[in-house]
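Colleague: below is the sequence, then the predicted model.
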Amino acid sequence: MKILYLFNYWIVIVIMLAGLYAVIASSNLVKKIAGLSIFQASVFILYISSGKILGGTAPIVDSSVPADVVFSNPLPHVLILTAIVVGVATTAVGAALIIRIHRAYGSIEENEILEYEE
Amino acid sequence: MVSLAISFLLGLMLLSVFAVIAMRNLFAAIILLGIYSLLAAALFMTLDAVDVAFTEAAVGAGISTILILATLLHVGHDTKAKKIIKPAPLLLVLAVGALLVYGTLDLPEFGNAQNRVHQSEITRHYLEKSPGKNGEIGIPNVVTSILASYRGYDTLGEVTVVFCAAIGVMSLLGGLRKKKKQTTVSNDSTTDSAS
């Protein structure tokens, strides 16, 4: 069973690396922002998986819930809720920077901007 | 069964990620990014993180996509990328990947209730003491209790970050200086999609 749960982590790592690759390798600035979003979401998945208990349920404790129910860990959920909103704030600033760069250089391709600078 | 659903969703996410990177048309790439976020929301649902799921669906798949689409409205949606595979970044990324995979070997078993995270004092306190009639907070949803009360300063910090980002966007786009109706990117997009 160990390989099965590690396998899921490995897929998350591949997604994370694809995002990192998009940030480093693509010359288009919008693609870079997309890579950043991909990277962020993969980190969220890694965090949330640590809070899951197999056979458990969402951490909503009510008198109608049977006593023997196991709840998943709420703390990672809270941290990631904060991280999602901060991630969108980052995306917004990045998008504004792209529009600004496009106004100044007339292009959003990194190599064209560098040529223009020289 | 749950593991199977998780693997299936992760596989779909992997496909959409590769499609985002390979896509020449930026409009298609951003829509695929929205699909990726929505798949992430579905995954959070299967991982019992309901609050995170609907925040990701609304904010990650919704607002984030709209923001980038509004950017594309200004900058156009064609890329001039000649080749997708570059050797140097690929090597760097693979090296990072090897380190991360080595790191996963020490991770606690997925979904086991005996993991130290689930047995810790603070988790038990949140789950046992906060809800209920005589509880410390008295709200059934423990995530809400922690977010708004126990870790309220976190949320205050988050609001500060969003405020700073809004100031940054406004000053970058000149919304503070000019009296033109171009304050934030989100304003632009909503009016454009309505018309």
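Modeller: Arrived safely, thanks for sending.
Colleague: so what does residue A:69 have for phi and psi?
Modeller: Backbone torsions for residue A:69, taken as degrees, to the nearest 10, come to phi -70, psi 140.
Colleague: tell me the pLDDT at it?
Modeller: Per-residue pLDDT puts residue A:69 at 85.
Colleague: can you check residue B:195 too?
Modeller: For residue B:195, the model assigns a pLDDT of 38.
Colleague: with residue A:16 instead?
Modeller: 95.
Colleague: residue A:85: neighbour count?
Modeller: 19 (other C-beta atoms under 10 Å in any protein chain shown). All C-beta atoms are positioned from the backbone trio N, CA, C, and that covers glycine.
Colleague: the residue lying closest to it once chain neighbours are set aside: what secondary structure?
Modeller: Nearest-residue entry for residue A:85: residue B:158, 5.6 Å, with adjacent residues in sequence omitted and distances by C-beta to C-beta, 6 or more residues apart in numbering or on different chains. When classified by DSSP: H, G, I helix; E, B strand; the rest coil, residue B:158 comes out as helix.
Colleague: now swap in residue B:137 and tell me
Modeller: coil.
Colleague: now for it: which residues touch it?
Modeller: Going by C-beta atoms under 8 Å, 6 or more residues apart in numbering or on different chains, residue B:137 touches B:130, B:131, B:145, B:149, B:150.
Colleague: look up how far chain A lies from it.
Modeller: Note on residue B:137: its distance to chain A, by C-beta to the nearest C-beta, to the nearest Å, is 11 Å.
Colleague: and that residue, backbone torsions?
Modeller: Torsion angles, degrees, to the nearest 10, at residue B:137: phi -110, psi -40.
Colleague: state the pLDDT value of it.
Modeller: 83.
Colleague: how close does the spatially closest residue to it that is not a sequence neighbour sit to residue A:61?
Modeller: Using C-beta to C-beta, 6+ apart and skipping residues adjacent in sequence, the residue nearest residue B:137 is residue B:145, 4.0 Å away. According to C-beta to C-beta, to the nearest Å, residue B:145 and residue A:61 sit 10 Å apart.
Colleague: residues shared between the contacts of the two?
Modeller: Common neighbours of residue B:145 and residue A:61 (C-beta under 8 Å, 6+ apart) are residue B:131.
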